[in-house]
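S.K.: What follows is a predicted structure for the sequence shown.
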Amino acid sequence: MAMDGSSGDEFAVGCLLSIKTTFGDEFEGQIITYDRPSNIVVFQEGLKSNPQSRRNIRLLKANYIKEFSFLGQSEDPLDLKKCYLDLNSLQSKEDAAVRQAEIDVERIGVGVTAEAQSIFDALSKTLPVRWDKTVIVVMNEVRVSSPYLAESVTEGTPAANERVRKVLELERRRLQTRGGGQ
Amino acid sequence: MGTRENRFQPGKSHINRMTTAGVQTGNTGGIESPSHDRLVYITTCFIGHQVEVQVLDGSLFTGIFHATNAEKDFGIILKMARVTKAGSSRGQKNISDSVQKPPSKTLIIPGKELVQIVAKGVPVTRDGLMNDFQNDQLHDIMIDSSISHSRHVDLERELEPWVPDDDNPECPELDNTFVRHWNRGWDQFEANATLFGVKSTFNEELYTTKLDRGPQMRELEKEALRLAREIEGEDTQDLHLAEERGIHLHDKFDVDEETKYSSVYRGVDDSGYDENEDILDPQNCQTYGDVSDSLPNNGSQITSRFSTVGEVQSTHFSTSNDFHPSGALDDPSIIENNQTNQQLAGSNYTKQDTEKHMVYEQNHTSKSEESSFLPNKESTDTGLSATATAFAPTNVSSKAQEKTRSNEVSSTSESGNAAPTAASGPGLSPSSSMGSLTSEKSTLNPHAKEFRLNPNAKSFVPSSPLRAASPVSDASFYYPANVAPAPQMHGMPVGIGMGPAFPSHQPVIFGPQGTPLHSPQTYFHSNGPQYGQQMLLSQPRQVVYMPTYPPEMPYKGRDF
């Protein structure tokens, strides 16, 4: 690939470099490309040129490269014969990812502590739960508010309430032991 | 700045051109240069992928890559982005400690703020993209790990294999709790009571037959112990048996855990028995065909299953003795006879019954008589003890079953024969079976003439259809679905399971107690499924004892 200018030579495709950014990130990788106009270097992380399809890619603006060292030269990491894109599948991939992310968002309480979140996660393994501000709503009837202890379990039918209480206590205990065991 | 998807079309074609022509195609000042194209290509690969964007102030944003302004400054649009690391403006603190904020639906990062984009596991080639697409499609399927949201929960701690503490004589290992002599008297209930003050309500008799421990049991116990010792001391090639008896068959390491402990039987002996495992289908002559095929091979095995038959009560003994001279003991012929008569309700069964009974009695009478209450034990000891021993456990256990309440019959016989050897030795407590034997009145005929096999006896052909079995008692029987055809030879259709696995058209005749058959009509078991024609119909006849014997179980190990 034709690069002009001296600075271009360092960014030839396939170069193995060790990079240190101005933010302190350090990594090693192979150059896939360098785009002059945007000043972006595209790296494929890892030194060996693995032919596998999934790679860790890094786009880095060249002006944030603090220092780099040349490790070697390898061949083009991109096999151009295999580079084809299906826009439709990309689109659906994005849609699916967004959908999943939205679902995930529902699970995360806003303005709740990490402990509350982990309790929520633990409860969600076996019970249908959702957030209502900072209150965990279980099975749409039982409410668990801060501080999310057995006493904090309110509402719902007695049976449901009992059940949520039990599950809550169990999960709390498990979280405790796990936290202690780590 | 807009989305760049439409840009990718020409970009894509550029890439194609690039691959084919390999020349620079740009004419707008480098924007369409191959290097730029590559950049565009890579960023296109990012679409829908989770990326992490670092911006000027050091903050990290994580989100789904949506678009980039490839023509201008490469600003980024992320969807569902959130801050994962606050930049220097707010100090370098981990975002998870602070109050979480909902992610932004769309986040636009201007090009000049952009420092770095990191994307992990990006499929770059077409195959990779296809795989990704397919994987995404799979995500719509609810798999357990996604349902459990395991990724949201803290990981368990690192697992380490358990290493037992040093062997402390006070803390015996589970394996050899009773090996040490001071532990022989270990009573778990006592220990529990002392340690924790827990009073046990365990009553052994709730779980097994009530034992009649008394002086007259001494003899039987001794006998049973002798048998047990004999069996346990036997040499065997079967891995499972060997392990139980402490014989180390294969000390080489090529015997892995699966071979040792799996219940899948992979021995060469399997071939013959597979046929017997077919579900019994009376409509299918093949089933009966199998019987004849397998019988010669499995003589010994089948006999084990019919050990209970061997114990047939006095009535049956006399019956068989009657047939003694006339019955043919040629197995295949018997079976063929049966097959022809198969369509006659009842006739073949009984004939089979008696004839097979004769065949097996030879092997079993000795055993059965030995372990039964017959005083003439000694008579059959000789010569047959080798084979007889093999069936002792089944004998004893099945005897126990017969004598006890019917609801125990099936399960114990089932288990007893399921592992004729595996469970027999250590598992079978002689006292329990003995107790059960004595708990009910013996129906054996102490004066029955000893069975002697007459190989030249003429094949028996019944004159009239025989009657069905005695009424089934109230208990529910369990029979596994894989009824062996061998029972057919016996003339007694084996009771097939009452459970859902029970093929309803199978004939069911069972009479656990050896009581005389009462009703001449088709007997419909009160608890079980009703069977139509296949039930044996016949007029009352002399008593035909139909013991319940478990259907054939896959033969495991005893090659006697």
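M.R.: Yep, that arrived.
S.K.: Now the element after the helix or strand of chain A with the lowest mean pLDDT, going C-ward?
M.R.: Least confident element among the helices and strands of chain A, by mean pLDDT, DSSP states H and E: helix A:6-10 (a mean of 45). Per DSSP states H and E, the first helix or strand lying C-terminal to helix A:6-10 is strand A:15-21.
S.K.: May I have that next one as CSV, with CA atoms only?
M.R.: Output of strand A:15-21 as CSV, limited to C-alpha atoms (Å, rounded to 0.1, in the frame of the first residue of the first chain):
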residue,chain,number,x,y,z
CYS,A,15,4.3,-3.8,10.8
LEU,A,16,4.6,-5.2,14.3
LEU,A,17,4.8,-2.4,16.8
SER,A,18,4.8,-2.0,20.5
ILE,A,19,2.8,1.1,21.3
LYS,A,20,2.5,3.3,24.3
THR,A,21,-0.3,5.9,24.3
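S.K.: elements contacting that strand?
M.R.: When contacts are defined as 3 or more Cβ pairs under 8 Å, 6 or more residues apart in numbering or on different chains; DSSP states H and E, strand A:15-21 sits against strand A:26-35, strand A:65-73. Just so you know, the C-beta spots here come from the backbone N, C-alpha and C atoms, and that holds for glycine as well.
S.K.: Next, the buried residues of the shortest one.
M.R.: Read it as strand A:65-73. Within strand A:65-73, the residues that count as buried by 16 or more other Cβ atoms under 10 Å in any protein chain shown are A:65, A:68.
S.K.: Then stretch A:34-46?
M.R.: By neighbour count, and taking 16+ other Cβ under 10 Å as the criterion, the buried residues in stretch A:34-46 are A:34-45.
S.K.: starting at the chain centroid, how far to that stretch?
M.R.: Here stretch A:34-46 is found 22 Å from its chain centre; the criterion is Cα atoms, centre = their mean, to the nearest Å.
S.K.: next one: stretch A:121-141
M.R.: The chain centroid and the centroid of stretch A:121-141 are separated by 24 Å under Cα atoms, centre = their mean.
S.K.: Give me the residue at the spatial middle of chain A.
M.R.: A:Ala101 (10.7 Å; Cα atoms, centre = their mean).
S.K.: where does that residue fall, helix, sheet strand or coil?
M.R.: Here A:Ala101 is recorded as helix under DSSP: H, G, I helix; E, B strand; the rest coil.
S.K.: same question, the one 10 residues further on
M.R.: Reduced to three states with three-state DSSP, the structure at A:Gly111 is coil.
S.K.: what number of residues lie near it?
M.R.: 12 (other Cβ atoms under 10 Å in any protein chain shown).
S.K.: per-residue confidence at it?
M.R.: We have a pLDDT of 81 for A:Gly111.
S.K.: my read: it touches A:Trp131, true?
M.R.: No: contact criterion Cβ atoms under 8 Å: A:Gly111 and A:Trp131 do not qualify, at 9.8 Å.
S.K.: average pLDDT across the host helix or strand of B:Asn192?
M.R.: Using DSSP H and E, the element containing B:Asn192 is helix B:188-196. Averaged across helix B:188-196, pLDDT comes to 82.
S.K.: State the distance from A:Asp76 to chain B.
M.R.: Between A:Asp76 and chain B the computed distance is 10 Å (Cβ to the nearest Cβ, to the nearest Å).
S.K.: In which helix or strand does that residue reside?
M.R.: If you go by DSSP H and E, A:Asp76 is not part of any helix or strand.
S.K.: you'd agree A:Glu162 is in a helix?
M.R.: Yes: A:Glu162: assigned to a helix according to three-state DSSP.
S.K.: since we're on it, how many residues are nearby?
M.R.: Using other Cβ under 10 Å, A:Glu162 has 13 neighbouring residues.
S.K.: cool, A:Ala12 as well?
M.R.: Around A:Ala12 there are 15 other residues, counting by other Cβ under 10 Å.
S.K.: Wait, it touches A:Gln73, no?
M.R.: Yes: using Cβ under 8 Å, A:Ala12 is in contact with A:Gln73, at 7.4 Å.
S.K.: Check which element follows the host helix or strand of A:Ala97 along the chain.
M.R.: Counting by DSSP H and E, the element that carries A:Ala97 is helix A:87-107. Toward the C-terminus, helix A:87-107 is succeeded by helix A:114-124 as the next helix or strand (DSSP H and E).
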